[in-house]
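> pasting the sequence and the predicted model now:
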Amino acid sequence: MVQAAKQNASYKTMHEASIADPIEFWSEQAKLIHWEKPFNQVLDYSNPPFSKWFEGGLTNLCYNAVDRHLAERGEQIALVAVSTETNQEKTYTFQELHTEVNRMAAILKTNGVNKGDRVLIYMPMIAEACFAMLACARIGAIHSVVFGGFASHSLAARIDDAQPKMIISAEAGIRMGKGVPYKPLLDEAIALAEFKPTKVLIVNRGLTPYTSVAERDLDYAAEREKNIAAQVAVEWVDATHPSYILYTSGTTGKPKGVQRDTGGYAVALTASMQHIFCGKPGETMFTTSDIGWVVGHSYIIYAPLLNGMATIMYEGTPLRPDAGIWWSLVEKYKVSVMFSAPTAVRVLKKQDPSFLTKYDLSSLRYLFLAGEPLDEPTANWIHEAINKPVVDNYWQTETGWPILAIQSGIETMPHKFGSPGLPSFGYNIKLLDDATGAELGADAKGVIAIEGPLPPGCMQTIWGDDARYVKTYWESIPGKLIYSTFDWGIKDSDGYFFILGRTDDVINVAGHRLGTREIEESLSSHPNLAEVAVVGIADQLKGQVAIGFAIPKDATQTTTLEAELMKTVDSQLGAVARPARVYIVNALPKTRSGKIVRRALQAVAEGRDPGDISTMEDQAVLMHIKEVIEQKRS
Ligand code: PRX
């Protein structure tokens with residue numbers, strides 16, 4: 001494998017070089033991947049904030065993740081699919097993965113999917129989901145993976161936005177040994193959506209019975225059989241060709257389709273594996289996320305495979321059959337790099353630590369954690385339990401790879417508790433005053449912003465909506481065209497950043513990013529609801545949970561209202577978005593201009609002092625809300 005990093009580069013010189021001369025820096029990193037045709041230009045930033053990386057270069061994500069390794073490591077394991085729910089464990093060598101991806105690509109092609117067409121993937125954590133993603137990349141189709149925990153309304157919104165020619169799904173997921181039907185939700189979503197996919201490919205796992213729609217639905221096993229010997233040529237695409245759309249929550253109820261390119265993403269992920277995650281070809285990475293989230297896209301599927309590593313896809317909980325299951329996989333597959341989330345560690349923390357030490361963890365070099373704040377007790381506990389470096393890293397769906405991290409592949413860097421570290425190479429990070437846009441010095445709280453051009457691998461735009469991309473991300477700080485992360489942070493005098501929470505209404509439940517507005521819209525569809533506000537409040541296990549405050553239209557009909565509201569969210573968005581509680585109240589705290597004062601609601605629900613409430617129209621409302629909460633607690 002090509003070593004693009006300059007030998008003996010220290011973090012500081014490397015980061016400075018990446019900012020001072022991004023063209024030189026990234027042309028060097030670009031050597032990490034295969035280019036069928038070299039690019040004409042490293043960066044076109046003639047139309048800010050849109051950056052086009054490696055334009056004119058022809059490449060392919062699937063070729064780089066699979067085909068490129070066949071000669072050197074065709075017989076090495078590429079994919080391990082473990083389900084502690086069905087008790088199945090399957091491994092695929094790079095050669096076998098290549099064969100399966102070719103079959104899946106042939107199914108796509110013979111059913112009319114071509115370059116640029118969208119394919120929506122709504123699947124549990126099974127090997128076929130990985131084949132589907134790679135098959136799309138192989139033929140230049142654009143995949144959009146929707147988290148399997150989302151229900152019909154969420155799915156329908158994504159179908160209408162992405163307009164997929166085909167949907168690939170399974171008839172069911174499985175939890176605690178019980179089938180969780182996907183197919184009825186999918187059929188409902190397609191019925192709700194205005195746009196209709198031509199074909200729906202179903203992987204029948206034999207978990208739950210389902211009905212097929214004639215002409216539209218295809219059976220994966222039968223289609224695979226028809227294409228058993230298929231070879232599908234790689235579609236060489238321009239580096240700027242979109243590889244996928246991944247929907248994420250924001251301030252409005254309408255999720256944003258984060259659009260990613262091909263060449264820049266491949267380069268950035270490969271570079272991140274070398275310089276941040278320190279995984280090496282021939283080793284195994286185990287990322288415990290889900291393919292429906294960005295961590296799954298980048299560090300279950302693409303980054304390990306691009307780097308010639310085996311990857312583990314895991315279906316199940318960290319506690320079944322017992323709390324040692326993940327660590328037994330580390331031993332069995334000699335995992336060198338593991339990536340999880342603080343919530344998962346907090347779940348394990350309730351178990352006997354001997355489950356973790358029972359296994360031989362000598363292959364493991366690092367445990368990376370991301371997605372939500374890593375609190376010190378959790379970091380300490382896991383560090384002591386496994387005796388390995390625990391590395392916090394901070395990023396977003398939008399960026400695709402870490403913005404802040406300890407970059408041990410470049411240099412041994414000291415950790416600071418509570419900090420995900422220093423800016424990753426390529427990220428020109430500024431801490432700004434949200435009101436004036438002025439740059440702040442050490443120890444002052446501000447918005448974390450990134451000066452354009454964003455480095456390779458970050459979002460290109462919002463799918464189908466360039467104007468929304470510019471307005472949402474680049475025009476929120478006064479007087480500057482600069483990317484806002486919508487996270488508060490501070491930087492200490494050594495340049496280490498600390499994350500202090502979101503500046504917008506996005507909440508983070510067990511590492512899952514949710515928009516409170518989406519939940520409010522779902523709750524509002526209940527016929528007996530006049531008004532509702534949802535806020536995120538601190539939770540010991542999940543980091544945050546959503547809490548709703550609802551005013552009924554008919555205050556005499558509230559006995560079962562909370563349960564009904566929960567059901568509404570479950571059926572529309574999925575249980576993942578269900579609030580922990582919905583309090584039935586008779587008023588909400590508002591400013592004189594009628595805006596709901598969410599921070600006051602949050603403070604009261606967390607049992608804190610709401611602070612300055614002088615702008616509030618009726619201050620007695622908070623007393624009422626406090627009483628409702630206390631009544632429910634007692
Ligand atoms: O608020 C930050 C939080 O999660 C948000 C991004 O979530 P998502 O798009 O799901 O991407 C997750 C990729 C790891 C951020 O805006 N966040 C992410 N990592 C951290 C974090 N908060 C604190 N510490 C982190 N390490």
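Nice, I can see it. Numbering: from 1, shown residues only.
> tell me where the stretch 401-550 of the chain has strands.
404-405, 422-423, 429-432, 446-450, 461-462, 483-491, 497-502, 506-509, 512-515, 529-539, 543-552 (DSSP state E, counting those that start in this stretch).
> the second one - contacts with which helices or strands?
It refers to strand 422-423. Applying 3 or more C-beta pairs under 8 Å, 6 or more residues apart in numbering; DSSP states H and E, one finds that strand 422-423 makes contact with helix 11-20, strand 404-405. Any C-beta I mention is one placed from the backbone N, CA and C, and that applies to glycine too.
> now do 6 Å
Using 3 or more C-beta pairs under 6 Å, 6 or more residues apart in numbering; DSSP states H and E, no helix or strand is in contact with strand 422-423.
> that older thread, could the strands of the stretch 401-550 of the chain go into TSV alongside mean pLDDT?
What follows is the strands of the stretch 401-550 of the chain, written out as TSV (pLDDT from 0 to 100):
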stretch	mean pLDDT
strand 404-405	98
strand 422-423	98
strand 429-432	97
strand 446-450	98
strand 461-462	98
strand 483-491	97
strand 497-502	94
strand 506-509	92
strand 512-515	90
strand 529-539	94
strand 543-552	95
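> and among the ones you listed, the most buried is which?
Each of those was scored by mean neighbour count; the highest is strand 404-405, a mean of 26, by mean count of other C-beta atoms under 10 Å.
> could you point out the longest helix of the chain?
helix 94-110 (DSSP state H).
> paired strands for the following helix or strand past it, with orientation please.
Next helix or strand after helix 94-110 toward the C-terminus (DSSP states H and E): strand 118-122. Strand pairing for strand 118-122, using DSSP bridges, gives strand 142-145 (parallel), strand 166-170 (parallel).
> who's the closest residue to the ligand within the stretch 501-634 of the chain bridged to?
Residue of the stretch 501-634 of the chain nearest the ligand, by C-beta to the nearest ligand atom: residue 513 (3.6 Å). In this structure, residue 513 bridges to residue 508 when assessed by DSSP bridges.
> which residues in the stretch 151-300 of the chain form helices?
152-162, 183-192, 220-226, 263-272, 294-296 (DSSP state H, counting those that start in this stretch).
> name the next helix or strand following the shortest one along the chain.
Per DSSP H and E, helix 294-296 leads on to helix 303-306 as the next helix or strand towards the C-terminus.
> and the contacts of the helix or strand just after that next one?
Remark: after helix 303-306, the chain's next helix or strand is strand 310-315, criterion DSSP H and E. The contact list for strand 310-315 (C-beta atoms under 6 Å, 6 or more residues apart in numbering) reads 77-83, 85, 125, 284-286, 300, 304.
> and the angle for strand 310-315 with helix 94-110?
60 degrees (axes from the mean of the first three to the mean of the last three C-alpha atoms, to 10 degrees).
> can you name the element that comes right after strand 310-315?
helix 325-332.
> what is the very next helix or strand once past that next one packed up against?
Sequence order places strand 335-340 as the next helix or strand after helix 325-332, per DSSP H and E. Judged by 3+ C-beta pairs under 6 Å, 6+ apart, strand 335-340 is in contact with strand 284-287, strand 366-370.
> got the CA positions of the first one in CSV?
Okay, so that is strand 284-287. Output in CSV follows, covering the C-alpha atoms of strand 284-287 (Å, rounded to 0.1, in the frame of the first residue of the first chain):
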residue,chain,number,x,y,z
THR,A,284,-9.7,-6.5,11.3
MET,A,285,-11.8,-3.5,12.2
PHE,A,286,-15.0,-3.9,14.3
THR,A,287,-17.3,-0.9,14.3
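> which neighbouring elements make contact with it?
Judged by 3+ C-beta pairs under 6 Å, 6+ apart, the packing partners of strand 284-287 are strand 310-315, strand 335-340.
> hmm, back to that, now pLDDT too, for the contacts of strand 310-315, in a markdown table please.
Shown next, in a markdown table, are the contacts of strand 310-315 (pLDDT from 0 to 100):
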| residue | pLDDT |
| --- | --- |
| 77 | 98 |
| 78 | 98 |
| 79 | 98 |
| 80 | 98 |
| 81 | 98 |
| 82 | 98 |
| 83 | 98 |
| 85 | 97 |
| 125 | 98 |
| 284 | 98 |
| 285 | 98 |
| 286 | 98 |
| 300 | 98 |
| 304 | 98 |
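> reformat those as JSON lines; add neighbour count and distance to the ligand.
Listed next are the contacts of strand 310-315 as JSON lines, based on neighbours: other C-beta atoms under 10 Å; distance: C-beta to the nearest ligand atom, whole Å:
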{"residue": "77", "neighbour count": "19", "distance to the ligand": "26"}
{"residue": "78", "neighbour count": "25", "distance to the ligand": "24"}
{"residue": "79", "neighbour count": "25", "distance to the ligand": "22"}
{"residue": "80", "neighbour count": "21", "distance to the ligand": "22"}
{"residue": "81", "neighbour count": "20", "distance to the ligand": "23"}
{"residue": "82", "neighbour count": "25", "distance to the ligand": "22"}
{"residue": "83", "neighbour count": "19", "distance to the ligand": "24"}
{"residue": "85", "neighbour count": "22", "distance to the ligand": "24"}
{"residue": "125", "neighbour count": "24", "distance to the ligand": "17"}
{"residue": "284", "neighbour count": "24", "distance to the ligand": "21"}
{"residue": "285", "neighbour count": "24", "distance to the ligand": "15"}
{"residue": "286", "neighbour count": "27", "distance to the ligand": "16"}
{"residue": "300", "neighbour count": "28", "distance to the ligand": "13"}
{"residue": "304", "neighbour count": "29", "distance to the ligand": "16"}
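> and the residue located most distally from the centre of the chain, what element?
Ranked by distance from the centre of the chain (C-alpha atoms, centre = their mean), the top residue is residue 556, with 42.0 Å. With elements taken from DSSP H and E, nothing contains residue 556; it lies in neither a helix nor a strand.
> count of residues packed around residue 443?
10 (other C-beta atoms under 10 Å).
> what does residue 632 give?
Residue 632 has 11 nearby residues by other C-beta under 10 Å.
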